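[1] here is my input; please provide its structure:
(chains A and B)
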Amino acid sequence: MLLVPYIRENKEAVATALKIKNFKDIDILDLIVNTDDNRRELQKKLDDTLAESKIIAKEIGGLFKSGKIEEANIKKAKTGELKELSKSLSDDLAEAKKKLTYLLLKVPNIPHPSVIAGNSDEDNEIIKNIGEIPEMPDNALPHWELTEKYDIIDFELGNKITGAGFPVYKGKGARLQRALINFFLDEASNAGFREVQPPLLVNEDSGYGTGQLPDKDGQMYHVGEDNLYLIPTAEVPITNIYRDVIVKAVDFPIRNTAYSQCFRREAGSYGKDVRGLNRLHQFDKVEIVVIDHPEKSYARLEEMTNYVQSLLVKLELPYRLLRLCGGDLSFTAALTFDMEVYSAAQKRWLEVSSVSNFESFQANRLKLRFKDENGKTQLAHTLNGSALALPRIVAALLENNQTPEGIKIPKALVPYTGFEYIN
RNA sequence: GGAGAGGUGCUCGAGUGGCUGAAGAGGUACGCCUGGAAAGCGUAUAAACGUGAAAAUGUUUCGAGGGUUCGAAUCCCUCUCUCUCCGCCA
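    Numbering: from 1, shown residues only, chains lettered A, B, ... in the order given. Down below sits the predicted model:
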């Protein structure tokens, strides 16, 4: 959520910036300011009314004590009116606040000045290409055939047990998963991230805190009996650690990492692009989350992006780094870098990581604050990124490393898998 | 799941209808004292929202929400969380 005072003072700039994100409903900004004016006015009236009745209540107390019952009763009658007035004012105020929040939730985050306009992923800026795209023989197989050939990931079995998008990892496939998880967690620890193991189900408040609710309600699995949601990413529980928290500035930067399974309904996405491991309902991911001072957040974003790239380099995967254009940027992000790995057999780029700075957008919803040098509380900046999500990494590893002898495991991973080839 | 007890500020803890945003203690910060430190002494120490140029000041918040009352941390209702006992159980 954007801050109302910020919108108020920078309305033109906000409007211009939001156009880069293809946000159409610019008039909403005026509506927000008007609603806020109304809210303030009601607040003032309510405060005054309450202050008055408070004074009278005290007077009545005094009168009762000194035995002036009659006078007290006269005063009592007077507070009746005030009570009714304050009741209606506080109803109006609650209504105005609700409306304001509703409006604010509709406004996306403001993109960073470096973000260019654009409509889709085709307009994203390619910042660099790293690694050589391997030349594959004509008979190179896509991963969904390799997994069957080596019997390491069973999609059919998953269909039987649960449904599409819930594969069963078997033998070296299962082992490879575990190896990647441990590799990513170890790397993150070495890079200064604290490892946490969060719950996989979260309550409604947490869903709102990180913005999955209400917008993405239908994308999360919901356990109705207990009104809990399966997390779509560890970002949700980790970031919510800091919901309603005032952190100490000396603790900055606060770096956390967590491995979790992620659950996504992916309602409405079917077709060729989602075959095999490209899109799953349940998958594994190691996430990194950073909280820092507003002045430091962009340096931190770069640091995180570099860190994720270092993982790809160690895994010997050719990748490219993209800066998302306004149209492809998520609702909450101010700036996002995507890393895409080249999948040789599918002949396409697969997004394996998204690293974003949300500035204070998330923190405002979360009420995640810190005390600055002057002792003032202000919103912190939050960032997060995948480091990394497994399925597409596995897909690329399988496809790019297929050899007549089997799938060659990259050197960095061998200590974790305990084998050099899947065959 | 059944029975009971409880949730007060950074922490502990008092408080059963008005003088309590909240005693007292601890912690922390600053100052005094000291050659330095400890002890001692003094002062400060929540957040949100309003008004104000600022100093300042109003309102709200004692798990959450609702109710009773002129007035609620204190009484009533609902929910939630924690603890104890029983049951069940990875």
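[2] so which bits of chain A are right by RNA strand B?
    A:36, A:39-40, A:43-44, A:46-48, A:50-51, A:53-54, A:56-58, A:60-61, A:64-65, A:76, A:79-80, A:83, A:246, A:369, A:371, A:377 (C-beta under 7 Å from any atom of the strand). C-betas here are computed from N, CA, C, even on glycine.
[3] of these, buried ones?
    A:36, A:39, A:46, A:50, A:53, A:60, A:79, A:369 (16 or more other C-beta atoms under 10 Å).
[4] quick one: mean pLDDT for stretch A:134-152?
    Stretch A:134-152 shows a mean pLDDT of 90.
[5] so which of the residues of chain A next to RNA strand B sit within helices?
    Counted as lying in helices by DSSP state H, out of these, are A:36, A:39-40, A:43-44, A:46-48, A:50-51, A:53-54, A:56-58, A:60-61, A:64-65, A:76, A:79-80, A:83.
[6] quick revisit: hmm, which of the buried ones among the residues of chain A next to RNA strand B is lowest in pLDDT?
    residue A:79 (84).
[7] quick one, what contacts that residue?
    Applying C-beta atoms under 8 Å, 6 or more residues apart in numbering to residue A:79 gives the contacts A:53, A:56-57, A:60.
[8] taking these together, which two end up most distant?
    A:53 and A:60 (10.1 Å; C-beta to C-beta).
[9] now the strands for the stretch 101-250 of chain A?
    For the stretch 101-250 of chain A, the strands defined by DSSP state E, counting those that start in this stretch cover A:125-130, A:153-154, A:168-169, A:194-196, A:201-202, A:222-223, A:228-230, A:246-247.
[10] deepest in the core, which of the ones you listed is it.
    Comparing the strands of the stretch 101-250 of chain A by mean neighbour count (mean count of other C-beta atoms under 10 Å), strand A:153-154 comes out on top with a mean of 22.
[11] strand partners (parallel or antiparallel) of that strand?
    strand A:168-169 (antiparallel) (DSSP bridges).
[12] contact partners of the strand it pairs with?
    By C-beta under 8 Å, 6+ apart, strand A:168-169 touches A:152-154, A:157-158, A:161, A:176-177.
[13] can you lay out the strands of the stretch 101-250 of chain A as JSON lines showing distance to residue A:337?
    JSON lines is the format used below for the strands of the stretch 101-250 of chain A (distance: least, C-beta to C-beta, whole Å):
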{"stretch": "strand A:125-130", "distance to residue A:337": "8"}
{"stretch": "strand A:153-154", "distance to residue A:337": "29"}
{"stretch": "strand A:168-169", "distance to residue A:337": "29"}
{"stretch": "strand A:194-196", "distance to residue A:337": "23"}
{"stretch": "strand A:201-202", "distance to residue A:337": "26"}
{"stretch": "strand A:222-223", "distance to residue A:337": "31"}
{"stretch": "strand A:228-230", "distance to residue A:337": "27"}
{"stretch": "strand A:246-247", "distance to residue A:337": "25"}
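[14] that older thread, out of the contacts of strand A:168-169, which are inside helices?
    Per DSSP H, the contacts of strand A:168-169 map to helices at A:157-158, A:161, A:176-177.
[15] those: which two are farthest apart?
    A:161 and A:176 (20.1 Å).
[16] when those two are compared, which one has more neighbours?
    residue A:176 (25 against 11; other C-beta atoms under 10 Å).
[17] residues near the closest residue to residue A:30 other than its chain neighbours, how many?
    Leaving aside its chain neighbours, residue A:30 sits nearest to residue A:11 (7.7 Å; criterion: C-beta to C-beta, 6 or more residues apart in numbering). Residue A:11: 15 surrounding residues under other C-beta under 10 Å.
[18] residues contacting residue A:11?
    A:29-30, A:33.
[19] ok so, going back, of the strands of the stretch 101-250 of chain A, which is nearest residue A:316?
    strand A:125-130 (10.7 Å).
[20] and residue A:213, what does it touch?
    When contacts are taken as C-beta under 8 Å, 6+ apart, residue A:213 is in contact with A:204, A:207, A:229.
[21] if you set the cut-off to 10 Å instead, what comes out?
    A:105, A:202, A:204-207, A:220, A:229, A:236 (C-beta atoms under 10 Å, 6 or more residues apart in numbering).
[22] over to residue A:106?
    A:1, A:23, A:25, A:28, A:31-32, A:215, A:331.
[23] and those, which are buried?
    Among the contacts of residue A:106, those buried by neighbour count (16+ other C-beta under 10 Å) are A:1, A:23, A:28, A:32.
[24] in those, find the pair that's most separated.
    Top of the distance list for these (C-beta to C-beta): A:1 and A:23, 14.4 Å.
[25] mind listing what's buried along stretch A:75-90?
    Buried, per 16+ other C-beta under 10 Å, within stretch A:75-90: A:79, A:82, A:85-86, A:89-90.
[26] and those residues, which is closest to residue A:309?
    Looking across the buried residues of stretch A:75-90 and measuring by C-beta to C-beta, the closest to residue A:309 is residue A:90, at 53.3 Å.
[27] by contact count, what packs against the host helix or strand of residue A:321?
    According to DSSP states H and E, residue A:321 maps onto strand A:319-323. With contacts defined as 3 or more C-beta pairs under 10 Å, 6 or more residues apart in numbering; DSSP states H and E, strand A:319-323 has these neighbours: strand A:125-130, helix A:297-314, strand A:335-343, strand A:348-359.
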